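Asker: Curious how this folds, go ahead:
(chains A and B)
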Amino acid sequence: GESVGLHLPTLSVQEGDNSIINCAYSNSASDYFIWYKQESGKGPQFIIDIRSNMDKRQGQRVTVLLNKTVKHLSLQIAATQPGDSAVYFCAETGGTSYDKVIFGPGTSLSVIP
Amino acid sequence: DTAVSQTPKYLVTQMGNDKSIKCEQNLGHDTMYWYKQDSKKFLKIMFSYNNKELIINETVPNRFSPKSPDKAHLNLHINSLELGDSAVYFCASSPDRAGEEKLFFGSGTQLSVL
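Answerer: As a prediction, the model looks like this:
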């Protein structure tokens, strides 16, 4: 069945280092991929997205890479800061509001000052 | 102004009771959702409404009944609450325009059934 999974459920990084959070997906029909950040006591917040016709997209300090060959998605955070500590979710969908957004299990990122 | 607001933030109740969670969005979005997040942080969709019409209805017990009086509101009523219903429930909305499918979440309602 459809699934979106993460290789590392927890990740600790030193402040200032780069972080990489990985995600595997199994539905080759998925067209749109999103990363969300969830801070403690809050709802998930959109970070960055990418469509299946792209393999890389950059935002402010964040980069998402998509490898459709191996169905792999990653989120890179440059110069990780304490405020980046949160749970990160990858999500996949068919691309419209009528498609289910399927979330991965989440990775908890802890930044060590 | 909060874009997606849900109330209450915390809900503690006894087994067997009936409770409601309210959600409102002021973003002008056409689609609204309810998600359930368990103790391991796993997020699972429950329902999706587009312009007051039910679009997605996952395998959710019929004790859960969503109601959308207008496209800015999606409430969740739960009958005969069970221990296993304890979780954080998130309301979300999204624009119904191709290329803008990202979800905007509320801050969650933590439901504890005793």
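
Asker: Can you say which helix or strand has the residue most central in space within chain B in it?
Answerer: With distances taken as CA atoms, centre = their mean, B:Trp34 lies nearest the centre of chain B, 2.9 Å away. In the assignment (DSSP states H and E), B:Trp34 maps to strand B:31-37.

Asker: Just the CA trace of that strand, in PDB.
Answerer: Extracted C-alpha coordinates of strand B:31-37, given in PDB (Å, rounded to 0.1, in the frame of the first residue of the first chain):
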ATOM      1  CA  THR B  31     -11.000  22.700   1.500                       C
ATOM      2  CA  MET B  32     -10.800  21.800   5.100                       C
ATOM      3  CA  TYR B  33      -9.600  18.700   6.900                       C
ATOM      4  CA  TRP B  34      -9.400  16.800  10.200                       C
ATOM      5  CA  TYR B  35      -6.200  15.000  11.100                       C
ATOM      6  CA  LYS B  36      -5.500  12.800  14.100                       C
ATOM      7  CA  GLN B  37      -2.000  12.700  15.600                       C
END
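
Asker: mind exporting the helix or strand following it as PDB, just the C-alpha atoms?
Answerer: Next in sequence after strand B:31-37, counting helices and strands by DSSP H and E, comes strand B:43-50. Only the C-alpha atoms of strand B:43-50 are listed here, as PDB (Å, rounded to 0.1, in the frame of the first residue of the first chain):
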ATOM      1  CA  LEU B  43      -0.500  12.100  11.400                       C
ATOM      2  CA  LYS B  44      -3.500  10.500   9.700                       C
ATOM      3  CA  ILE B  45      -6.200  12.100   7.700                       C
ATOM      4  CA  MET B  46      -9.800  11.500   8.900                       C
ATOM      5  CA  PHE B  47     -12.000  13.700   6.800                       C
ATOM      6  CA  SER B  48     -11.800  16.300   4.000                       C
ATOM      7  CA  TYR B  49     -14.400  18.800   2.900                       C
ATOM      8  CA  ASN B  50     -14.500  20.900  -0.200                       C
END
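
Asker: what packs against the strand holding B:Trp34?
Answerer: Secondary-structure packing of strand B:31-37 (3 or more CB pairs under 8 Å, 6 or more residues apart in numbering or on different chains; DSSP states H and E): strand B:19-25, strand B:43-50, strand B:73-78, strand B:87-94. Where C-beta positions appear, they are placed from N, C-alpha and C, glycine not excepted.

Asker: residues near whichever residue of chain A sits closest to chain B, how many?
Answerer: Proximity of chain A to chain B (CB to the nearest CB) peaks at A:Gly43, 3.1 Å away. Close neighbours of A:Gly43, defined as other CB atoms under 10 Å in any protein chain shown, add up to 22.

Asker: Quick check: bridge partners of the residue of chain B found nearest chain A?
Answerer: Proximity of chain B to chain A (CB to the nearest CB) peaks at B:Phe105, 3.1 Å away. In this entry, B:Phe105 is beta-bridged to B:Ala92, by DSSP bridges.

Asker: what sits against it?
Answerer: Contacts here follow CB atoms under 8 Å, 6 or more residues apart in numbering or on different chains; on that basis B:Phe105 touches A:Gly43, A:Pro44, A:Gln45, B:Val4, B:Tyr35, B:Phe90, B:Cys91, B:Ala92.

Asker: Can I have the buried ones of those residues as a PyMOL selection?
Answerer: Selection of buried members from the contacts of B:Phe105 for PyMOL, criterion 16 or more other CB atoms under 10 Å in any protein chain shown:
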select buried, (chain A and resi 43+44) or (chain B and resi 4+35+90+91+92)
